[in-house]
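K.L.:
3D, please:
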Amino acid sequence: MTGETRIKTWSKDEALAKMSMLCAESEKCKTDIADKLKRHGLSTDDIESILTYLESERFIDEARYSKFFAKDKYRFAKWGRKKIEYALKMKRIPVDFINEALEEIPDDAYEETMMNVLTSKLKTIKFQNRYDAKGKLFRFAASRGYESGVALEAIDKILNETLEEDDNE
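P.N.:
Residues are numbered from 1 along each chain as shown. Coordinates of the predicted model:
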């Protein structure tokens, strides 16, 4: 034995039952389910049939999924809108659903979250001067998916407040 694990092949009925249970437990998108079914040896026709059933019975709802995904990534992972949008596009979610999900993130709370994330990050980085700090914070904000214009405004505000406090001490 070479340490290889074999993935069990499912019958169409077995796959349908398993995917129904999985979708009932947590939100899933069609891409996630299709990938899982492919790994378990189902044909393209069987996969399409199962996805059609799951959608018709509302086990899968991509609009609902995209809203939950965006909300979770924003609230818990502190992702920005660009990163959420990209992740949903990678899951082949329709653009209309992505836009609806992103619109549900309130602007004021979004900016406050970004400010908190960047303020926390500033405390953990080493920098030589304001320019160095701004570059590091900007790269961090970009990696989190925050829009460049909004991020630059937030970074300037944070640095103005922080560096003024340091000057006064």
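K.L.:
give me every residue that touches the nearest residue to residue 146 once chain neighbours are set aside.
P.N.:
Excluding its sequence neighbours, the residue lying closest to residue 146 (CB to CB, 6 or more residues apart in numbering) is residue 80, at 3.5 Å. C-betas here are computed from N, CA, C, even on glycine. By CB atoms under 8 Å, 6 or more residues apart in numbering, the residues touching residue 80 are 114, 141, 144-147, 151.
K.L.:
Repeat that for residue 66.
P.N.:
Applying CB under 8 Å, 6+ apart to residue 66 gives the contacts 29, 88, 93, 97-98, 100-101.
K.L.:
Give me the phi and psi angles of it.
P.N.:
Main-chain dihedrals, residue 66, degrees, to the nearest 10: phi -60, psi -40.
K.L.:
mind checking how far stretch 36-56 is from the chain centre?
P.N.:
The chain centroid and the centroid of stretch 36-56 are separated by 24 Å under CA atoms, centre = their mean, to the nearest Å.
K.L.:
cool, and stretch 111-131?
P.N.:
Distance, centroid of stretch 111-131 to centroid of chain: 22 Å (CA atoms, centre = their mean).
K.L.:
Can you name the residues in contact with that stretch?
P.N.:
Contacts of stretch 111-131 (CB under 8 Å, 6+ apart): 74, 78, 80, 133, 136-137, 140-141, 144, 146, 150-151, 154-155, 157-159, 162-163.
K.L.:
how does it look with 7 Å?
P.N.:
The contact list for stretch 111-131 (CB atoms under 7 Å, 6 or more residues apart in numbering) reads 78, 80, 133, 136-137, 140-141, 144, 146, 150-151, 154-155, 158-159, 162-163.
K.L.:
domains of the chain?
P.N.:
The chain breaks down by automatic domain parsing into domains covering 12-56, 62-103, 107-168.
K.L.:
Relative to residue 5, which of the ones you listed is closest?
P.N.:
When these are compared by CB to CB, domain 12-56 sits nearest residue 5, at 11.5 Å.
K.L.:
about what we covered before: from the contacts of stretch 111-131, which would you call buried?
P.N.:
For the contacts of stretch 111-131, a burial check counting by 16 or more other CB atoms under 10 Å picks out 78, 80, 133, 136-137, 140-141, 144, 146, 150-151, 154-155, 158-159.
K.L.:
got the contact list for the longest helix along the chain?
P.N.:
Longest helix in the chain by number of residues (criterion: DSSP state H): helix 148-168. With CB under 7 Å, 6+ apart as the test, helix 148-168 has contacts from 111, 114-115, 118-119, 122, 130, 133-134, 137-138, 141-142.
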